[in-house]
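>>> Mind folding the following:
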Amino acid sequence: MNAPLQLKVNAERLVHSLKWSFTNQTTYLGELMQNARRAGARYVAFDYRAETNTLTVTDDGCGIDSLDTLLTVAESGWDVELIAKEHAFGVGFLSALFACRHLGLSSKGGCFSVDTDHILGFQPVEVSPATAWNGLTEIRLVDIANGSLENTLADLAAGFPIPVHFNGVPLPRPHAVDAVGAEEFVASAVGAIRLANLLDGYRYYRDCLVYLQGLPVYRGHYYRIGDTRYPGNIVHLDSERFMARLPDRDKLVDEADVLQRVREAIGTAIKSQLTALKTALSADDFLTYYPVLRECGLMRLLNDVDRLPTQLVSRIQRSPVCDTGLFGDFEETVDQPITQSAVESGRVQLVTIDDDLQSDGALRYLLAWKKGWVLVDNRLDAGHWVQPYLRHLSQEAVQCEILDESHRAQFQGIWVWVTAVFCRAYRIRIGADSVDIDAHGAYTGNEQDDVLIIPCQEKWGDVLEQVSRFCENDDDYQGPCHDQDIEQFAHFIVANTADDPADALKRLLPDLTGCKMLHGNRFVLEIDQNGQLTAVTLANATLTDLEPPL
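Presented below is the predicted three-dimensional model:
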């Protein structure tokens, strides 16, 4: 019979292979910081000498009793309680061995100084006993790996629970739980959370910087792109419940699931903070938090606030256009908050309009404009007090009656071709509400009559901005076509509303100063019943012949 098989380990080859598992040349810095913290140190100091490329790391912790344990892979040397709490696996010190050519160590259990290849080759290391130990553990790394020491240490120290010094200078720890403002940290289901200032214009309210055992393990969007204008939420995870991946320990195990839980915890903390603010603040002051309420799905907190967020209410200030980004906004925010009493008493009429001008036309917007109704962008919760008073115009039928139509004409521009209906005025009616308009044109939409109604007082060509965005393939704005069609339509309106046909023709003619052949001549034009030019005749006499003698 064959001998039974058994798992075996080539220890020397395994250790040498582990060198390539550390993806960051500066991983050892965080590991040495963690060892100092776990040893109960009050600080950890890094001193670098460029002339010898030597980094000395010192801490005042309890010291290392057994240097043999330090050099034993997968043997952390920490007590059972700490191992269970922080998942100390005993492989971190390897990163220091791989990071330098020579290593010296002095602590309670003795001291040694040896090339790291000697240690990694499983050769015995001579240890000298400690005499009159001064209470400091010192690790000296000679010929360290390249890397930006100060920047890396500053990043690692930002949330670390004990002071970190570099070349004698304490590094800032703005995210540490014991830092100034630490009282802002609140307990949560995942650990300690410090929320960003909810009024500083920071939009990604659930973005965060996450620490585990004081070291960063996740950076949100703004941290990844280095944007420090909007510091996000700071989270220190509970180390008993969450683990970082070996060997670098700079990424979370099951990161996606953990981050989902973190964002839920941030949302809960934001809700708690806003609920407290709602009680403490006036309605106007509380409404300044509207962007946070919207982004975090907490709009229900506004259900009983007796006024509306100004971001959601507006009045129409001019004729509507189909693209506010291209042609300017036709709505303006209201000057004063809309109160519940004003709405309930009927002093203010609230409406919503979801019409797309190109398909549905501008009639509902024009009626709301002339009636002075207030538009509401209804992002409010279904249980909000305003809902029973909010009129949804887009769900109601709209009628348009043309008053004293004179004629219809086809406009054929560079970009827009449309039928124009000329009249004295037109009447828009929705339910029992109606309005007569004689000074502003209206597009009825391509799903309705697909005409432009031009009342007698309309003089401008920009009514075409209700008809078209002047965009090719929906995003390539044709500016020159827009400008020329607007100008030509203005002439088209005048020509179709002028009392004198000669004056109309004059307005329709282009600028002829560049055509010298025409200068000084008289012409006879013949136009048929369909408006087509059928003949142009040069008259015998010139304008000079007709001038009276002096």
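
>>> Buried residues, the longest helix seen in the chain. List them.
Longest helix of the chain, by residue count under DSSP state H: helix 255-280. Buried residues in helix 255-280, counted by 16 or more other CB atoms under 10 Å: 258-259, 261-263, 265-266, 269-271, 274, 277-278. All C-beta atoms are positioned from the backbone trio N, CA, C, and that covers glycine.

>>> Next: stretch 354-374.
355, 357-358, 360-371, 373-374.

>>> helix or strand right after the helix or strand of the chain with the lowest mean pLDDT?
Ranked by mean pLDDT, DSSP states H and E, the weakest helix or strand in the chain is helix 80-86, scoring a mean of 49. Counting by DSSP states H and E, the element after helix 80-86 in chain order, helix or strand, is helix 93-98.

>>> list the helices and strands that following helix packs on?
Judged by 3 or more CB pairs under 8 Å, 6 or more residues apart in numbering; DSSP states H and E, helix 93-98 is in contact with helix 11-18, helix 27-38, helix 116-120.

>>> So which elements touch the second one?
This means helix 27-38. Helix 27-38 packs on strand 44-49, strand 54-59, helix 93-98, strand 137-142, helix 149-157, strand 215-219, going by 3+ CB pairs under 8 Å, 6+ apart.

>>> As CSV, could you dump the C-alpha coordinates of it?
C-alpha atoms of helix 27-38 as CSV (Å, rounded to 0.1, in the frame of the first residue of the first chain):
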residue,chain,number,x,y,z
THR,A,27,3.3,48.3,4.5
TYR,A,28,5.9,47.9,7.2
LEU,A,29,5.3,51.4,8.5
GLY,A,30,1.7,50.7,9.5
GLU,A,31,2.7,47.3,11.0
LEU,A,32,5.3,48.9,13.2
MET,A,33,2.8,51.6,14.3
GLN,A,34,0.3,48.8,15.2
ASN,A,35,2.9,46.9,17.2
ALA,A,36,3.6,50.0,19.2
ARG,A,37,0.0,50.7,19.9
ARG,A,38,-0.7,47.1,20.9
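
>>> Can you name the residues in contact with it?
Residues outside helix 27-38 that contact it (CB atoms under 8 Å, 6 or more residues apart in numbering): 43-44, 46, 57, 59, 61, 78, 82, 86, 88, 92-93, 95-96, 98-99, 137, 139, 141, 149, 152-153, 156-157, 160-162, 164, 213-215, 247-250.

>>> Please apply the same query to stretch 493-500.
407, 409, 420, 422, 454, 456, 458-461, 504-505, 507-508.

>>> Include distance to Ser394, pLDDT and secondary structure when you put those into a markdown table, please.
As requested, these are exported to a markdown table (distance: CB to CB, whole Å; pLDDT from 0 to 100; DSSP: H, G, I helix; E, B strand; the rest coil):
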| residue | distance to Ser394 | pLDDT | secondary structure |
| --- | --- | --- | --- |
| His407 | 32 | 94 | strand |
| Ala409 | 30 | 93 | strand |
| Ala420 | 25 | 96 | strand |
| Phe422 | 28 | 97 | strand |
| Ile454 | 25 | 96 | strand |
| Cys456 | 29 | 92 | coil |
| Glu458 | 25 | 91 | coil |
| Lys459 | 30 | 86 | coil |
| Trp460 | 27 | 89 | coil |
| Gly461 | 28 | 91 | helix |
| Ala504 | 39 | 76 | helix |
| Leu505 | 43 | 79 | helix |
| Arg507 | 38 | 71 | helix |
| Leu508 | 38 | 72 | helix |
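
>>> of all those residues, which comes closest to Ala192?
Trp460 (61.4 Å; CB to CB).

>>> That closest one contacts Ala490, doesn't it?
Yes - with contact defined as CB atoms under 8 Å, Trp460 counts as touching Ala490 (5.9 Å).

>>> and the two? which has more neighbours close in?
Neighbours were counted for Trp460 and for Ala490 using other CB atoms under 10 Å; Ala490 has more, 18 against 14.

>>> ok so that one is a helix residue?
Yes - the assignment for Ala490 (DSSP: H, G, I helix; E, B strand; the rest coil) places it in a helix.

>>> quick one, what contacts the closest residue in space to it that isn't next to it in sequence?
Nearest residue to Ala490, sequence neighbours excluded (CB to CB, 6 or more residues apart in numbering): Gly461, at 3.5 Å. The contact partners of Gly461, taken as CB under 8 Å, 6+ apart, are Asp485, Ile486, Glu487, Gln488, Phe489, Ala490, His491, Phe492, Ile493.

>>> Tell me how far the third one lies from Val386.
Applying CB to CB, to the nearest Å, the value for Glu487 to Val386 is 43 Å.
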